[in-house]
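Participant: only geometry, no sequence info:
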């Protein structure tokens, strides 16, 4: 079994620009437009009002108050839209900047290639004992190893592709589980798969990372960049 290691950029502006694909388009000021229409209608109504039945001052005041409320909501929406746009651009730059890097996301896939496989785990709390179980495509356990004590948080391991008897196994798709305990208590351990980001794409739900054989994962689901 190979060693287990604990771990904790590139300027991607040009790349993100090609992913993003389009520049910002200016939008019409709907609040100002609505205000102008309201004032035009109000002045027309005042000019053509019946002298014997003039407009009610309370009604005009109420309408003006409603207009101010609408204007305030429109301005708030515009501000939130700008903030969201800025956040999306920042997230896009971050996502594009990790192309070629390894990331850790939830999953138990452990693809073995050229005698190497990489996986990890996320512990809810510190554990006295952490045990790694590696299984082949049929679900048979081919390797079990005690990884020792681990702190709370994430860690990763490297498997050398050998079974419990020291035999070198064929490259292919394997899976793994992690069991952890602290004294007599079970510690929740979430299996984490590790893949290399080969591409970034924008979707309706945000940015998606292409991890090759491990499939696509949402950028927001990345637990750690290695």
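Facilitator: Received the coordinates, thanks. As the structure is a prediction and not an experimental result, all values here were calculated from the model.

Participant: got the buried residues for stretch 201-211?
Facilitator: Neighbour counts using 16 or more other C-beta atoms under 10 Å place 202, 207, 208, 209, 210, 211 of stretch 201-211 among the buried residues. Every residue, glycine included, has its C-beta placed from N, CA and C.

Participant: no, scratch that, I was asking about stretch 114-129
Facilitator: Within stretch 114-129, the residues scored as buried using 16+ other C-beta under 10 Å are 117, 118, 119, 120, 121, 122, 123, 127.

Participant: Straight-line length of it, end to end?
Facilitator: 29 Å (C-alpha to C-alpha, to the nearest Å).

Participant: And stretch 124-143, by the same measure?
Facilitator: End residues of stretch 124-143 are separated by 24 Å (C-alpha to C-alpha).

Participant: neighbouring contacts of that stretch?
Facilitator: For stretch 124-143, the surrounding residues in contact (C-beta atoms under 8 Å, 6 or more residues apart in numbering) are 1, 110, 121, 123, 144-152, 157, 159, 162-164, 169, 172-183, 187-189.

Participant: Filter these down to the buried ones, ChimeraX style.
Facilitator: A single ChimeraX command selects the buried members of these (16+ other C-beta under 10 Å):
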select :1,110,121,123,145,147,150,157,159,162,169,174,175,176,178,180,182,187,189
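
Participant: Among the contacts of stretch 124-143, name the ones in strands.
Facilitator: Those of these mapping onto strands are 110, 121, 123, 144-150, 157, 159, 172-182, 187, 189, per DSSP state E.

Participant: hmm, back to that, and the least confident of the buried residues of stretch 201-211?
Facilitator: Lowest pLDDT of the buried residues of stretch 201-211: residue 202, 80.

Participant: Among the buried residues of stretch 201-211, which are located in strands?
Facilitator: Using DSSP E, the members of the buried residues of stretch 201-211 that fall in strands are 202, 207, 208, 209, 210.

Participant: Throw the residues you listed into CSV and include distance to residue 79, thanks.
Facilitator: Formatted as CSV, those follow (distance: C-beta to C-beta, whole Å):
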residue, distance to residue 79
202, 23
207, 24
208, 28
209, 30
210, 34
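
Participant: Show me which of these is closest to residue 69.
Facilitator: residue 202 (35.3 Å; C-beta to C-beta).
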